[in-house]
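# no FASTA, just this:
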């Protein structure tokens, strides 16, 4: 049984409320927290920006990657592209596809979450057919047979939940229909395009298990279902169907934007929203030590107001163990309330265990 030591204490000059009404002589708030944003936390008021270092040595450091320029991501199979970030619970890849997959894919290692960064395609799978396009999350249950036929060139962020299944977050006081109503989740259909691809032609299935590939050959197309029933399926969610939680008086933590929960990690989606308007409220992400989680942000679209020199398709990586937060210009813009609305779209992956990354 695990119970945190908890005894809320005030020391020196501090605000009464986290993320609001900072002391004039110490405007830089830093949150040190455990268990993501769900455990005990302390809020420090600093006279200098907690990220204002002048030198850094060693491997533990923030990093930025441009996934637009990764080599080897143009492939006809998702299992041919390189692993970019990973631990024993999550695997992150990017994949570019411009022509129809010649074989079916099957991930026997875990659920696969596809985020369509660019493009449009027909998805054929055990459950039927659906069109997927820019901004869609496509959740594919473990061991589902599937393939894509691009209508427009695809650029896909792939997030594997290794040896586990994705779930939706608990929404607590706000209820099951907040953030997005489960009714907006779409599933494939046994429709005319699906029936049109029935075939007696030889078809291969590339199965990934323990990171190794096996190929199964059928003398027919195994996507031949005439119907199905149950509560397990491929599902689709577009970021435009997300209605974010927000407060005009309080900057909510990233966990408020959780979209999917994996084993040992969460996937969050930042979408456009009004910026806090209360005079005392913090108007940019707060400086924080997320000391139990590594944080990955994939930038999809818009103006990334808390970061300089970031474009769509880039990724920032903040490992556990140091403070991160808004860049100086973004912090100053927040103090001056220059922006009234965010227009950024980004996918965040927070992992409980440390990530390794490929060179």
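Thanks, I have it. Please read all numbers here as calculations on a predicted model, not as lab measurements. Numbers count the residues shown, from 1 in each chain.
# The stretch 151-300 of the chain: helices as residue ranges?
Ranges of helices within the stretch 151-300 of the chain are 192-196, based on DSSP state H, counting those that start in this stretch.
# and residue 311, what does it touch?
By C-beta atoms under 8 Å, 6 or more residues apart in numbering, the contact set of residue 311 is 66, 68, 299. C-betas here are computed from N, CA, C, even on glycine.
# same check, this time on residue 47
Per C-beta under 8 Å, 6+ apart, neighbours of residue 47: 25, 26, 28.
# 6 Å instead?
residue 26 (C-beta atoms under 6 Å, 6 or more residues apart in numbering).
# Would you format the contacts of residue 311 as CSV with pLDDT and neighbour count included?
What follows is those, written out as CSV (pLDDT from 0 to 100; neighbours: other C-beta atoms under 10 Å):
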residue, pLDDT, neighbour count
66, 95, 11
68, 96, 15
299, 97, 22
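# what's the closest of the residues you listed to residue 159?
Residue 159 has its nearest neighbour among the contacts of residue 311 in residue 299, at 15.1 Å by C-beta to C-beta.
# My guess is that closest one contacts residue 309. True?
No. Taking C-beta atoms under 6 Å as the definition, residue 299 is not a contact partner of residue 309, at 11.1 Å.
# Check what pLDDT residue 62 gets.
Note for residue 62: predicted pLDDT of 89.
# Near it, how many residues? Count them for me, please.
Counted by other C-beta atoms under 10 Å, the residues lying close to residue 62 total 14.
# if I look at residue 29, how far off is residue 39?
18 Å (C-beta to C-beta, to the nearest Å).
# out of the two, which sits in the more crowded spot?
For residue 29 versus residue 39, the count of surrounding residues by other C-beta under 10 Å is larger for residue 29: 22 against 12.
# Quickly list what the residue lying closest to residue 260 once chain neighbours are set aside is bridged to.
Spatial nearest neighbour of residue 260, excluding adjacent residues (C-beta to C-beta, 6 or more residues apart in numbering): residue 267 at 4.4 Å. Listed by DSSP bridges, the beta-bridge partners for residue 267 are residue 260, residue 349.
# which residues does the residue lying farthest from the centre of the chain contact?
When each C-alpha in the chain is compared with the mean C-alpha position (C-alpha atoms, centre = their mean), residue 200 comes out farthest, at 38.9 Å. Under the criterion of C-beta under 6 Å, 6+ apart, the neighbours of residue 200 are residue 220.
# Adjust the sequence numbering to begin at 893 for everything that follows.
Right, with 893 as the first residue, what we last looked at is residue 1092.
# what's the pLDDT at it?
98.
# Show me where this protein dips below the pLDDT cut-off.
Scanning the chain for pLDDT under 70 picks out the ranges 1197-1199, 1251.
# ok, back up a step: from the structure, what's the count of residues near the residue nearest to residue 1152?
Other residues close to residue 1159 by other C-beta under 10 Å number 25.
# these two touch, right, it and residue 1151?
Yes. Assessed by C-beta under 6 Å, residue 1159 is found in contact with residue 1151 at 5.4 Å.
# Now the residue farthest from the centre of the chain, what are its backbone angles?
phi -100, psi 10 (degrees, to the nearest 10).
# Next one: residue 946 from residue 894, what distance?
Distance from residue 946 to residue 894, by C-beta to C-beta: 39 Å.
# Can you tell me, leaving aside adjacent residues, what's nearest to residue 1039?
With C-beta to C-beta, 6+ apart, the residue lying closest to residue 1039 is residue 993, at 4.2 Å.
# make that residue 934, sorry
Nearest one to residue 934, counting by C-beta to C-beta, 6+ apart, is residue 924 at 5.0 Å.
# Secondary structure element for that neighbour, which one?
Here residue 924, judged by DSSP states H and E, is contained in strand 920-925.
# other SSEs contacting that strand?
Under the contact criterion of 3 or more C-beta pairs under 6 Å, 6 or more residues apart in numbering; DSSP states H and E, strand 920-925 touches strand 933-938, strand 1179-1182.
# packing partners for the last one?
Using 3+ C-beta pairs under 6 Å, 6+ apart, the elements in contact with strand 1179-1182 are strand 920-925.
# For burial, what's the neighbour tally of the closest residue to residue 1155 other than its chain neighbours?
In space, not counting the residues next to it along the chain, residue 1155 is nearest to residue 1056; the distance is 3.3 Å by C-beta to C-beta, 6+ apart. Using other C-beta under 10 Å, residue 1056 has 18 other residues around it.
# Got the domain ranges for this protein?
Per the record, the chain has its domains at 920-945+1133-1249, 964-1055+1073-1131, by automatic domain parsing.
# Just give me how far the longest one sits from the chain centre.
Spelled out, it's domain 964-1055+1073-1131. Centroid displacement of domain 964-1055+1073-1131 relative to its chain, using C-alpha atoms, centre = their mean, to the nearest Å, is 18 Å.
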